[in-house]
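# coordinates only, no sequence provided:
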């Protein structure tokens, strides 16, 4: 005899989908509207991106480096370089666009809102951040917010003179000094270091292939300094009429700038002492710590006073004594 089946079948418990709660914080920007972020790194990227979008001046020297610095922690924590054949660029830019709420089309009108200049500058900041973290050229952003790198990496080929001081030619750069790096050079380094693209050295091969390190004169800082010193001595040997004719306009302005910078360097060195443990200390830390604008104002005042005093002091009587 068959067992009676129950008419009321047991209903299976339906799984209820849990709605994800958005725990992100909101931040009101000047030009990107209200955006959301999850951590301090993302917030710093948003702030730097917002400033870059509205910037008119100082894009290369201020805002791109600022965004790159904000991106560095993200680059370090992600694995975009290991998982991408394009140097991690698409992934990093996508992360920025998501944080910025950046769209290339208006969702309501369908109109094109693409900002090509902003996109290029964000891409440059991404490249710089990737190079700072992973690049072999040791690119960095110094305390003055300038992009710097090893000389031979920033400028693989340099213009030099022959031993006789004649034709200008391009040869391989052997210098390891830290020098400023332009945005153009940074992008070239990214193409070579990260994307593994072959450098275009055809100009160097055509003009400098027969030159070696031993028979060229590189324009090192020491050699430039020596040349400037020799030239300044020549100026001081000129009579009044010739000096006024030779030193004027932009050249005079540059000489003043150089003289003021040298005055500041010598003043700083005057405050420094070295103890038995080779530790260097200064008795006037304000000279080193104060903001550049205020420092230059003080230097200019002292320099102007010194120049005026020197112009009045030497007389035939004082020299004879």
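Okay, I see it. In this text the structure is predicted, and so the values were computed from the model without any measurement.
# for residue 171, phi and psi?
For residue 171, the backbone dihedrals (degrees, to the nearest 10) come out as phi -140, psi 170.
# confidence score at it?
According to the prediction, residue 171 has pLDDT 80.
# for the most centrally placed residue in the chain, name its beta-bridge partners.
Among the residues of the chain, the one closest to the centroid is residue 147, at 2.0 Å (Cα atoms, centre = their mean). Beta bridges link residue 147 to residue 141 when assigned by DSSP bridges.
# surely it touches residue 135?
No: taking Cβ atoms under 8 Å as the contact criterion, residue 147 and residue 135 are not neighbours in contact, 11.6 Å apart. C-beta: built from backbone N, CA, C; applies to glycine.
# helices of the stretch 101-250 of the chain, start to end?
Read by DSSP state H, counting those that start in this stretch, the stretch 101-250 of the chain holds these helices, from start to end of the chain: 116-134, 151-154, 183-193, 202-208, 221-236, 240-246, 249-270.
# and the helix or strand harbouring residue 93, what does it pack against?
In this assignment (DSSP states H and E), residue 93 forms part of helix 89-100. If contacts are counted by 3 or more Cβ pairs under 8 Å, 6 or more residues apart in numbering; DSSP states H and E, helix 89-100 sits against strand 34-37, helix 40-54, helix 64-77, helix 80-83, helix 116-134.
# swap the cut-off to 6 Å and go again
Contacting helix 89-100 under the criterion 3 or more Cβ pairs under 6 Å, 6 or more residues apart in numbering; DSSP states H and E are the following elements: helix 40-54, helix 116-134.
# quick one: the shortest one to helix 116-134, angle?
Just to be clear, that refers to helix 40-54. Inter-element angle recorded for helix 40-54 and helix 116-134: 140 degrees (by axes from the mean of the first three to the mean of the last three Cα atoms, to 10 degrees).
# mind listing what's buried in helix 40-54?
By neighbour count, with 16 or more other Cβ atoms under 10 Å as the criterion, the buried positions of helix 40-54 are 41-53.
# equivalent analysis for stretch 103-120, please.
Of the residues in stretch 103-120, those scored as buried under the neighbour-count criterion (16+ other Cβ under 10 Å) are residue 118.
# from the rest of the structure, what touches it?
Residues lying outside stretch 103-120 but in contact with it, judged by Cβ atoms under 6 Å, 6 or more residues apart in numbering, are residue 53.
# so how far is the first residue of it from its last?
Across stretch 103-120, the straight-line distance between its terminal residues is 15 Å, by Cα to Cα, to the nearest Å.
# what separates the helix holding residue 93 from the chain centre, distance-wise?
Relative to its chain's centre, helix 89-100 lies at 21 Å (Cα atoms, centre = their mean, to the nearest Å).
# circling back: mind putting the buried residues of helix 40-54 into CSV with pLDDT and distance to residue 314?
As requested, the buried residues of helix 40-54 are exported to CSV (pLDDT from 0 to 100; distance: Cβ to Cβ, whole Å):
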residue, pLDDT, distance to residue 314
41, 90, 61
42, 89, 64
43, 89, 61
44, 91, 57
45, 91, 60
46, 89, 61
47, 91, 56
48, 91, 54
49, 89, 59
50, 88, 58
51, 88, 53
52, 89, 54
53, 87, 58
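# just give me the closest of those to residue 31.
Set against residue 31, the nearest of the buried residues of helix 40-54 by Cβ to Cβ is residue 53 (4.9 Å).
# from what I see, the closest one and residue 31 are in contact.
Yes: taking Cβ atoms under 6 Å as the definition, residue 53 is a contact partner of residue 31 at 4.9 Å.
# tell me where the model's unsure across the chain.
Low-confidence segments of the chain, defined by pLDDT under 70, are located at 1-21, 81-86, 107, 110, 161-168, 200-221, 316-321.
# could you list the domains of it?
Each structural domain of the chain that the record assigns through automatic domain parsing is listed here as a residue range: 25-105+112-134, 148-217, 221-313.
# ok so, going back, just checking, the residue nearest to the centre of the chain touches residue 182?
No: assessed by Cβ under 6 Å, residue 147 is found out of contact with residue 182, at 7.6 Å.
# spit out the residues that contact these two alike.
Here residue 147 and residue 182 share no contacting residue, scored by Cβ under 6 Å, 6+ apart.
# how close does the nearest residue to residue 42 once chain neighbours are set aside get to residue 49?
Spatially, and ignoring its direct neighbours in sequence, residue 42 is nearest to residue 99 (5.5 Å; Cβ to Cβ, 6 or more residues apart in numbering). Distance from residue 99 to residue 49, counting by Cβ to Cβ, to the nearest Å: 7 Å.
# equivalent analysis for residue 124, please.
Taking Cβ to Cβ as the measure, residue 124 and residue 49 are separated by 12 Å.
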